[in-house]
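[1] how does the following fold in three dimensions:
(chains A and B)
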2 protein chains.
Amino acid sequence: MNSDPTASQAQAAERLQQLQTQYQEILTQGLSLDLTRGKPSTAQLDLSDALDGILQGDFRAADGTDCRNYGGGLGLPEARKLAANYLECKPEQTLVGGNSSLQLMYQCVLYNHLFGDQEGAAWSREAGGGKVKFLCPSPGYDRHFSVCEALGIEMIPVALNAEGPDMDQVEKLVQADPLIKGIWCVPKYSNPSGIVYSEATVQRLARLGSLAGANFRIIWDNAYAVHHLVENPPELANLLSLSEQVGTLDNVYAIGSTSKITFAGAGIAFLASSETNIRNLARHLSYVTIGPDKVNQLRHVRFLQDNATIAAHMEKQREILKPKFDLVLQHLDLAFTGKCVGGDPIGTWTRPAGGYFILFDTQPGLAREVVRLTGAAGVKLTPAGATWPYGEDPQDTNIRLAPSFPQLEEIAAAMKIFTLCVELATLKRSLEKS
Amino acid sequence: MNSDPTASQAQAAERLQQLQTQYQEILTQGLSLDLTRGKPSTAQLDLSDALDGILQGDFRAADGTDCRNYGGGLGLPEARKLAANYLECKPEQTLVGGNSSLQLMYQCVLYNHLFGDQEGAAWSREAGGGKVKFLCPSPGYDRHFSVCEALGIEMIPVALNAEGPDMDQVEKLVQADPLIKGIWCVPKYSNPSGIVYSEATVQRLARLGSLAGANFRIIWDNAYAVHHLVENPPELANLLSLSEQVGTLDNVYAIGSTSKITFAGAGIAFLASSETNIRNLARHLSYVTIGPDKVNQLRHVRFLQDNATIAAHMEKQREILKPKFDLVLQHLDLAFTGKCVGGDPIGTWTRPAGGYFILFDTQPGLAREVVRLTGAAGVKLTPAGATWPYGEDPQDTNIRLAPSFPQLEEIAAAMKIFTLCVELATLKRSLEKS
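    Below is the predicted model of the structure:
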């Protein structure tokens, strides 16, 4: 056993030889497996097929609005109510958009960066020749980081611990540099580490605006609010109400969507903030678009109805997803529990209570090599480093596993190759060093 | 008759007295009529109700893509084919988006203004401290102008004649000022004057890129391409193919949508340009959004199928719209044909062969007053000046009439008040002058 630190070099070399033979055999099989993206599977999407046709010729909202026509930049009243129930706030504090929550977040950042609520308030104007910066708890969501990159906003990684971002570090940074204008957060079942922000963290985030200034924004991407994998899911404290209590609601944009509830590419996205922010954002959006697709909003209201209906629907999603996560964990447990190379565990991994990802950590400096090896063997993984700003994982350890889309057999085949490649890369490096 | 220039002052004063009495009577009626926006009517929207439910559980595109899931920033292949047939180009030259063509145009302008294809190519960088400018054939579409205003792009009105923009003026301006980076065009049934660009104009526009430089963009908003009101509609020359012939396709973004074919707020929008531009724009959009709603694209492909099906559908739209336009014209003919005040016609107006608007011109300096009078009497009209950059109609003559949404009885009631207010304002001013 490699867990025995006294295992001889010879034994290790023999094991490596075995693994390399197995790997060469896999190479000849021409496999094509994919664990890259947090995409719902066909079975999950099937749960919402009733959306198409649900209106049965009745396109009128409760207030008489003909959803087929133009108008209504804030979204349908009943869609705003659904969003308010989901994000735990008042309907007046919401705006319901189109099919992409990323688009709402991009628009929030674009708006504050370039335009701002009043002359001079835009981040880019405030910065003058300097650089606007964002805090990026890492590992995090690559699409958040690419918004910053596209808009020329500098990213500062901050540690993401089991309780959320390292708040000591966050508070210190925002007080030291007034050009830090925002922070990206995935507070529940964080992408990719699966952690849930603790109540203490959320309370400190609610007070962050008073340290960081009026123009600071928390982008609270609550993408997995109801996406549980366990029966008694952890609670997330309500940043919106805590912020309202301490007068910092202007500092918060909370975002949600039905992308991983109904159809990933054809759901509805929503945002909550202070009524002032909603008004300003709606004015900005009135230049950008003629308004959101209200027909699809009405479909979603009729289909999802309320939080109880959403919860029942998500229970069906859980039934499909849980066996896939369990299978990944089984493979990892079997392959690596208690196994060390060079005195250190071959790997560590998360056991998320919800969300779409398992985060695997290799020994330092091996994630890229593992992803390269698995890729060559026909198993696509998220590029190593993709979950860090600028693609730079400083330790080169993080690998994001996304088991939602493939079938169980595909996951089993992919995990066999993955665990093999991890052990192969770890042993090989260890032997090269010694 | 006021058409007799020798009609006595006394007669005119008597007529004014009559009109004022009628106007006072209308004020007491508390009417609420609306001719403001180019919105389809309920009967028009009903024509597309089959869209919801048309997929009947089959969410797969022809190439097997599951339209419910993520992915596909360029749009579904069959939606791109539909767009290519509609815009008369190749599918590779298209990108199909969400429900808003305004959004595609905003993104085009934003992209070129701030980001650009390569370092230094963005308009704002090229301008340094100077102002980027756009040519705005006027009267035009207020939402085009508000994109410029939102992005701080200076607008230069140019004359829009019966053949299109005054090309002598356009060519002179772009050669004189390299910071003129674009021009807004609604080439067919122009909003609001209804004119169709002549072939000679389109040919000169195709060559404009070689005068104006590589970074110049024609935003060719072909919003009313198939929206005819007559049986033998005029042809519009194909700017895309003409530009391709002379090597200026990079200078053109052509835009279309189904907003006034199916559901105004829940259709699909598309864009055509060079393959290089499509690639660059798709990359930009990949930061902005997770991708367009492909389910709604598939619905539209199944419903609209091809140009022949679209043409048959638009014939049904024409049957609904034509009587409304005819009614407006009847009222104008009856009230004003041959009638002069102060030796000049009381008004002039267009007889569009398609589109959504009739443009009425008052005598100079009276449009605002007419809109004010009709508004006070309960008939909402598009604010005078709204069809000009910065809301400044230099002659104060243009009034945009949009008869698509109201019922025939409402149009009749509104037009009675409108014609009364025009005559009242014209006579009153004439008598004050004399």
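
[2] quick one: the top strand by length along chain A near chain B?
    Longest strand in chain A, counting residues (DSSP state E): strand A:154-161. No. Using Cβ under 8 Å from any Cβ of the partner chain, strand A:154-161 never reaches chain B; the gap is at least 13.9 Å. Heads up, the C-betas are built off the backbone N, CA and C, glycines and all.

[3] which helices and strands sit right next to that strand?
    strand A:133-138, helix A:142-150, helix A:167-176 (3 or more Cβ pairs under 8 Å, 6 or more residues apart in numbering or on different chains; DSSP states H and E).

[4] now the shortest one and helix A:167-176, what's the angle there?
    It stands for strand A:133-138. Strand A:133-138 runs at 170 degrees relative to helix A:167-176, counting by axes from the mean of the first three to the mean of the last three Cα atoms, to 10 degrees.

[5] partners of the longest strand of chain A in the sheet?
    Strand pairing for strand A:154-161, using DSSP bridges, gives strand A:133-138 (parallel), strand A:164-165 (antiparallel).

[6] could you check the angle helix A:142-150 makes with that strand?
    Using the same axes, to 10 degrees: strand A:154-161 against helix A:142-150 is 160 degrees.

[7] show me the contact partners of strand A:154-161.
    A:131-140, A:145, A:148-149, A:165-166, A:169-170, A:173, A:180, A:183, A:190, A:193, A:195, A:388-390, A:394 (Cβ atoms under 8 Å, 6 or more residues apart in numbering or on different chains).

[8] if we use 7 Å, what do you get?
    The contact list for strand A:154-161 (Cβ atoms under 7 Å, 6 or more residues apart in numbering or on different chains) reads A:131-140, A:145, A:148, A:165-166, A:169-170, A:173, A:190, A:193, A:195, A:388-390.

[9] tell me the first helix or strand C-terminal of the lowest-mean-pLDDT helix or strand in chain A.
    Least confident element among the helices and strands of chain A, by mean pLDDT, DSSP states H and E: strand A:33-34 (a mean of 91). Tracing the chain C-terminally past strand A:33-34 and defining elements by DSSP states H and E, one meets helix A:42-46 next.

[10] what does the average pLDDT come to for that next one?
    Averaged across helix A:42-46, pLDDT comes to 98.

[11] sorry, back to before: quick one: the least confident helix or strand of chain A to chain centroid distance?
    Strand A:33-34 sits 20 Å away from the centroid of its parent chain (Cα atoms, centre = their mean, to the nearest Å).

[12] strands paired with that strand, and their directions?
    strand A:379-380 (parallel).

[13] so which residue of chain A comes closest to chain B?
    Across chain A, the shortest distance to chain B (Cβ to the nearest Cβ) belongs to A:Gly53, at 2.9 Å.

[14] what distance do you get for the residue nearest to that residue when sequence neighbours are not counted to B:Cys67?
    Spatial nearest neighbour of A:Gly53, chain neighbours left out: B:Gly53 (2.9 Å); criterion: Cβ to Cβ, 6 or more residues apart in numbering or on different chains. Going from B:Gly53 to B:Cys67 by Cβ to Cβ, to the nearest Å gives 15 Å.

[15] neighbour count: those two, which is higher?
    A count of neighbours by other Cβ atoms under 10 Å in any protein chain shown puts B:Cys67 above the other of B:Gly53 and B:Cys67, at 25 against 16.

[16] and the more buried one, what pLDDT?
    98.

[17] ok, which of the strands paired with strand A:154-161 comes nearest A:Leu334?
    For A:Leu334, the closest of these is strand A:133-138, at 29.3 Å, according to Cβ to Cβ.

[18] show me where the stretch 301-434 of chain A has strands.
    With DSSP state E, counting those that start in this stretch, the ranges of strands along the stretch 301-434 of chain A come out as A:340-341, A:344-345, A:347-349, A:358-362, A:379-380, A:398-401.

[19] any chance of the ones you listed in TSV, plus mean neighbour count, mean pLDDT and distance to A:Gln24?
    TSV is the format used below for those (neighbours: other Cβ atoms under 10 Å in any protein chain shown; pLDDT from 0 to 100; distance: least, Cβ to Cβ, whole Å):
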stretch	mean neighbour count	mean pLDDT	distance to A:Gln24
strand A:340-341	21	94	21
strand A:344-345	15	96	27
strand A:347-349	19	98	23
strand A:358-362	23	98	21
strand A:379-380	20	96	15
strand A:398-401	26	97	22
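
[20] for B:Thr337, find the nearest of those.
    Of all the strands of the stretch 301-434 of chain A, strand A:379-380 comes closest under Cβ to Cβ, at 71.9 Å.

[21] just give me the neighbour total for the nearest residue to A:Met415 once chain neighbours are set aside.
    Once flanking residues are discounted, A:Met415 sits nearest to A:His331: 3.7 Å by Cβ to Cβ, 6+ apart. Neighbourhood size, A:His331 [other Cβ under 10 Å]: 18.

[22] do you know the pLDDT at A:His331?
    A:His331 is given a pLDDT of 98.

[23] low pLDDT regions in the stretch 251-400 of chain A?
    For the stretch 251-400 of chain A, no stretch has pLDDT under 70.

[24] looks like A:Gln107 contacts A:Arg283 (just checking).
    No. Using Cβ atoms under 7 Å, A:Gln107 is not in contact with A:Arg283, being 11.6 Å away.

[25] look at these two and report which has more neighbours.
    A:Gln107 (22 against 14).

[26] list the contacts for that one?
    Contacts of A:Gln107 by Cβ under 7 Å, 6+ apart are A:284-285, A:288.

[27] now the helices for the stretch 251-400 of chain A?
    With DSSP state H, counting those that start in this stretch, the ranges of helices along the stretch 251-400 of chain A come out as A:275-288, A:294-304, A:307-336, A:367-376.

[28] deepest-packed of those helices, please.
    Greatest average neighbour count among the helices of the stretch 251-400 of chain A goes to helix A:294-304 (a mean of 24), per mean count of other Cβ atoms under 10 Å in any protein chain shown.

[29] how about the residues of the stretch 251-400 of chain A near chain B?
    For the stretch 251-400 of chain A, the residues in contact with chain B (Cβ under 7 Å from any Cβ of the partner chain) are A:263-266, A:287-291, A:293-296.

[30] cool, and the stretch 51-200 of chain A?
    Close to chain B, as judged by Cβ under 7 Å from any Cβ, the stretch 51-200 of chain A has residues A:52-53, A:55, A:57, A:66, A:68-71, A:98-100, A:102-103, A:106, A:146-147, A:150.

[31] now render the contacts of A:Gln107 as JSON lines, adding distance to A:His313.
    What follows is the contacts of A:Gln107, written out as JSON lines (distance: Cβ to Cβ, whole Å):
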{"residue": "A:His284", "distance to A:His313": "33"}
{"residue": "A:Leu285", "distance to A:His313": "29"}
{"residue": "A:Val288", "distance to A:His313": "31"}
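
[32] closest to A:Arg80 among those?
    For those, the nearest to A:Arg80 is A:Leu285 (14.3 Å; Cβ to Cβ).

[33] wait, the closest one sits on A:Gly73?
    Yes. Taking contacts as Cβ under 7 Å, A:Leu285 lies within contact range of A:Gly73: 5.9 Å.

[34] how far does stretch A:344-360 sit from its chain's centre?
    For stretch A:344-360, the distance to the chain centre is 15 Å (Cα atoms, centre = their mean).

[35] perfect, I'm done here.
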